[in-house]
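*Asks:* sequence and predicted model, in that order:
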Amino acid sequence: MLVVLRDGRKLVGVLRSYDQFANLVLEDTWEKIYHTNLWAEKHVGLFLIRGENVVLMGEIDLDREDDVPLRQVPYPALEPYHRKELEEKKKQEEIKEKVLFEQQGFSREGGEGDSY
């Protein structure tokens, strides 16, 4: 299964269990990162995922996975580029949150009115 998390991580593993809250247990899990036409993976083992963090989940067609025109590289070679992209995305989100707060009155995530 492929699972995309709220923080942007992409995990591929064997689904062993789930419940009514979409909590998942993935076994033999790999974290995959992408940059342009490159990809890399790192083994992260057994993963317990809280359901509220799941954005997308789908089955991978293993027969067609090799047809994807991306080139695999070692994880350490791609990680700096991936971290830079995450930092840029975080800065853009902070700017967006500030504009929404100042111009539209929306509260920041985790701020006032954002609790149950």
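*Replies:* That came through fine. Predicted model, so just to flag it, every value in this text is computed and none were measured. Numbers count the residues shown, from 1 in each chain.
*Asks:* average pLDDT for stretch 13-24?
*Replies:* For stretch 13-24, the mean pLDDT works out to 95.
*Asks:* how much space separates Leu2 from Arg71?
*Replies:* Counting by C-beta to C-beta, to the nearest Å, the separation of Leu2 from Arg71 is 19 Å. Backbone N, C-alpha and C define where each C-beta goes, glycine included.
*Asks:* Lys42 too?
*Replies:* Lys42 is 17 Å from Arg71, where distance means C-beta to C-beta.
*Asks:* neighbour count winner among these two?
*Replies:* The neighbour count for Lys42 versus Arg71, taken as other C-beta atoms under 10 Å, is higher for Lys42 (14 against 10).
*Asks:* run through the bridge partners of that one.
*Replies:* Beta-bridge partners for Lys42, by DSSP bridges, are Glu31.
*Asks:* pLDDT wise, what is it at?
*Replies:* Note for Lys42: predicted pLDDT of 96.
*Asks:* surely it and Tyr75 touch.
*Replies:* Yes: assessed by C-beta atoms under 8 Å, Lys42 is found in contact with Tyr75 at 4.6 Å.
*Asks:* hang on, Leu100 in a strand?
*Replies:* No: secondary structure of Leu100 (DSSP: H, G, I helix; E, B strand; the rest coil): helix, not part of a strand.
*Asks:* what number of residues lie near Val14?
*Replies:* Neighbours of Val14 using other C-beta under 10 Å come to 10.
*Asks:* give me the phi and psi angles of it.
*Replies:* phi -90, psi 120 (degrees, to the nearest 10).
*Asks:* ok, the nearest residue to it once chain neighbours are set aside to Asp7 distance?
*Replies:* Nearest residue to Val14 in three dimensions, chain neighbours excluded: Glu27, at 4.7 Å (C-beta to C-beta, 6 or more residues apart in numbering). For Glu27, the distance to Asp7 (C-beta to C-beta) stands at 21 Å.
*Asks:* what touches both of Lys42 and Tyr75?
*Replies:* Common contact partners of Lys42 and Tyr75 (C-beta atoms under 8 Å, 6 or more residues apart in numbering): Ile33.
*Asks:* just to revisit the earlier point, same drill for Glu27 and Asp7, tell me which one is more crowded.
*Replies:* Glu27 (12 against 8).
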